[in-house]
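Q: sequence-free structure coming up:
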């Protein structure tokens with residue numbers, strides 16, 4: 001088994017709010033949900049702090065095959081809650097949060113967990129890639145936000161528009177009928193997409209933050225099969241480099257309207273054979 005990993009902040013002057021890791025028989029990406037400037041969180045810690053602590057605890061817990069992946073995530077959320085301290089209001093709807101994609105080999109099966117819009121791609125030995133991502137955030141986003149044109153990236157109008165969109169989403173976060181992310185409620189782990197696949201059916205598996213899937217699901221410049229080919233032949237760093245080129249070609253978001261001109265991007269490619 002061979003693992004290739006790359007993680008890069010969208011802005012080199014800001015902390016990377018992604019966490020990517022590999023351990024024996026395990027790969028994981030945790031994507032911290034960055035909030036627009038000016039929004040209160042009720043917490044003294046950054047999104048980067050949350051994602052990195054959650055990611056480290058999750059990997060350390062999930063390597064134990066007697067613990068299910070959902071149990072590992074719930075326990076890790078509880079442990080991060082304990083790290084916050086009295087200065088943080090864990091009931092605040094703006095508490096730091098993250099999305100998760102996790103895969104683990106156990107016996108002759110690959111187990112996986114996906115919470116929110118991080119992405120897991122199964123590279124099948126026969127057939128098309130299978131893409132697993134939780135779209136409930138996107139469904140809520142489409143429901144509560146208007147479909148009008150976004151202001152150009154980098155403008156005060158765009159920043160105000162993003163604050164407004166995020167504030168509308170807050171009422172639906174970690175609520176029945178809304179969407180679920182890792183934050184302060186351990187029960188969010190029970191809402192994750194989980195499953196197993198025979199290892200013999202797979203050539204590889206990839207876990208990616210949404211900043212590393214833009215070439216496929218936002219920009220439409222390649223297919224999932226193309227993405228896997230880049231990861232296999234040239235590695236995750238090349239995938240991120242190509243993403244940066246596309247982002248730089250559309251600096252004001254005119255071609256591809258988006259919340260961030262350049263997003264934190266993490267990709268882990270796990271070759272299971274060959």
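A: Nice, I can see it. On a predicted model such as this, the values are computed, not experimentally measured, just so you know.
Q: Count the residues that sit near residue 92.
A: Look at residue 92: counted by other Cβ atoms under 10 Å, it has 15 neighbours. C-betas here are computed from N, CA, C, even on glycine.
Q: wait, isn't residue 213 in contact with residue 132?
A: No: applying Cβ atoms under 8 Å, one finds residue 213 not in contact with residue 132, separated by 11.9 Å.
Q: packing partners for the lowest-mean-pLDDT helix or strand in the chain?
A: Least confident helix or strand, the chain: helix 156-170 with a mean of 80, by mean pLDDT, DSSP states H and E. When contacts are defined as 3 or more Cβ pairs under 8 Å, 6 or more residues apart in numbering; DSSP states H and E, helix 156-170 sits against helix 136-144.
Q: Looking only at the helix it packs on, what residues are buried by neighbour count?
A: Residues of helix 136-144 classed as buried: 136, 137, 140, 141 (neighbour count, 16 or more other Cβ atoms under 10 Å).
Q: Going by distance to residue 220, which of those wins?
A: Relative to residue 220, the closest of those is residue 141; by Cβ to Cβ it sits at 18.5 Å.
Q: Got the confidence number for that closest one?
A: At residue 141, the pLDDT value in this model is 79.
Q: what does residue 102 give?
A: Confidence for residue 102, expressed as pLDDT, is 98.
Q: Okay, and the beta partners of it?
A: For residue 102, the beta-bridge partners under DSSP bridges are residue 28, residue 113.
Q: Can you tell me how far it is from residue 257?
A: Using Cβ to Cβ, to the nearest Å, residue 102 is found at 30 Å from residue 257.
Q: And residue 201, by the same measure?
A: 38 Å.
Q: Next: residue 231.
A: From residue 231 over to residue 257 (counting by Cβ to Cβ), the distance is 27 Å.
Q: Who has more neighbours out of those two?
A: Taking neighbours as other Cβ under 10 Å, residue 231 and residue 257 compare with residue 231 leading, 26 against 15.
Q: Is that one inside a helix or a strand, and which specific one?
A: Counting by DSSP states H and E, the element that carries residue 231 is helix 224-233.
Q: got the buried residues for that helix?
A: 224, 227, 228, 230, 231, 232.
Q: now swap in stretch 154-165 and tell me
A: In stretch 154-165, counting by 16+ other Cβ under 10 Å, buried: 158, 161, 162, 165.
Q: do the same with stretch 50-64
A: Neighbour counts using 16+ other Cβ under 10 Å place 50, 51, 52, 53, 54, 55, 56, 57, 58, 59, 61, 62 of stretch 50-64 among the buried residues.
Q: again with stretch 189-196
A: Applying 16+ other Cβ under 10 Å to stretch 189-196 flags 189, 191, 192, 193, 194 as buried.
Q: how far away is the residue lying closest to the third one once chain neighbours are set aside from residue 133?
A: Nearest residue to residue 192, sequence neighbours excluded (Cβ to Cβ, 6 or more residues apart in numbering): residue 115, at 4.1 Å. Taking Cβ to Cβ as the measure, residue 115 falls 10 Å from residue 133.
Q: the more surrounded of the two?
A: residue 115 (28 against 21).
Q: does that one really touch residue 189, like I thought?
A: Yes: taking contacts as Cβ under 8 Å, residue 115 lies within contact range of residue 189: 7.3 Å.
Q: still on that earlier bit, what's the closest of the buried residues of helix 224-233 to residue 76?
A: The nearest member of those to residue 76, counting by Cβ to Cβ, is residue 231 at 26.3 Å.
Q: check contacts around the closest one.
A: Applying Cβ atoms under 8 Å, 6 or more residues apart in numbering to residue 231 gives the contacts 4, 204, 206, 239, 267, 269.
Q: pLDDT weak spots in this structure?
A: For the chain, residues meeting the criterion pLDDT under 70 lie at 35, 37-38, 146-148, 274.
Q: quick one: furthest residue from the center of it?
A: residue 86 (27.9 Å; Cα atoms, centre = their mean).
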